[in-house]
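> The following comprises the amino acid sequence and a computationally predicted model.
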Amino acid sequence: MKFSAALLLAPFILLACAAPNASPATADEAVEEKIAAISVREVSPVELHARAPVTGTVNADGVRYRRCPHTSCEAVAQYIRGRVITIICRTQGENINGWSWWDRMDNGFYISDYYVDWTGGVPDVC
């Protein structure tokens, strides 16, 4: 029974270790850390319950958030560096500086994940 309990907890231990660093040295390192975190997240077994939203911090000034995950969509407003946001899930959208993930926030709008540092884990895919 001890062996099966360890197998059951393994995905959650991996998730706890998968969060990217809050302050990578370069933008390229930040993207690499997110790719590594997503890779670990997506190979995990199906979870038995819904995950809670993830928090993130905007890492640049004047980052616009939009009605859909493309710059052709209307920009609703913008955030300044340091703004803490709540991410419901992430989805594929327009490629921004080599990164095509966008975060859907709790207000229903989208922000390019390139400009967000996750501070509360890895968001689920929408």
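Ah, there it is.
> Would you map the helices across this protein?
For the chain, the helices defined by DSSP state H cover 2-17, 27-42.
> lowest-confidence stretch among the ones you listed?
For those, mean pLDDT drops lowest on helix 2-17, to a mean of 40.
> Could I get the contacting residues of Trp102?
Counting by CB atoms under 8 Å, 6 or more residues apart in numbering, Trp102 touches 69, 90-94, 110-113. (Glycine included, C-beta is placed from N, CA and C.)
> For Ser100, state which of these is nearest.
The closest of the contacts of Trp102 to Ser100 turns out to be Gln92 (CB to CB; 5.3 Å).
> What's the ChimeraX syntax to select whichever of the contacts of Trp102 are buried?
Listed next is the ChimeraX selection for buried residues among the contacts of Trp102, using 16 or more other CB atoms under 10 Å:
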select :69,90,91,93,94,110,111,112,113
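> export the contacts of Trp102 to JSON lines and tack on distance to Asp61 and pLDDT?
Converted to JSON lines, those look like this (distance: CB to CB, whole Å; pLDDT from 0 to 100):
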{"residue": "Pro69", "distance to Asp61": "21", "pLDDT": "97"}
{"residue": "Arg90", "distance to Asp61": "22", "pLDDT": "95"}
{"residue": "Thr91", "distance to Asp61": "24", "pLDDT": "96"}
{"residue": "Gln92", "distance to Asp61": "25", "pLDDT": "97"}
{"residue": "Gly93", "distance to Asp61": "21", "pLDDT": "97"}
{"residue": "Glu94", "distance to Asp61": "20", "pLDDT": "97"}
{"residue": "Tyr110", "distance to Asp61": "19", "pLDDT": "98"}
{"residue": "Ile111", "distance to Asp61": "13", "pLDDT": "97"}
{"residue": "Ser112", "distance to Asp61": "14", "pLDDT": "97"}
{"residue": "Asp113", "distance to Asp61": "17", "pLDDT": "96"}
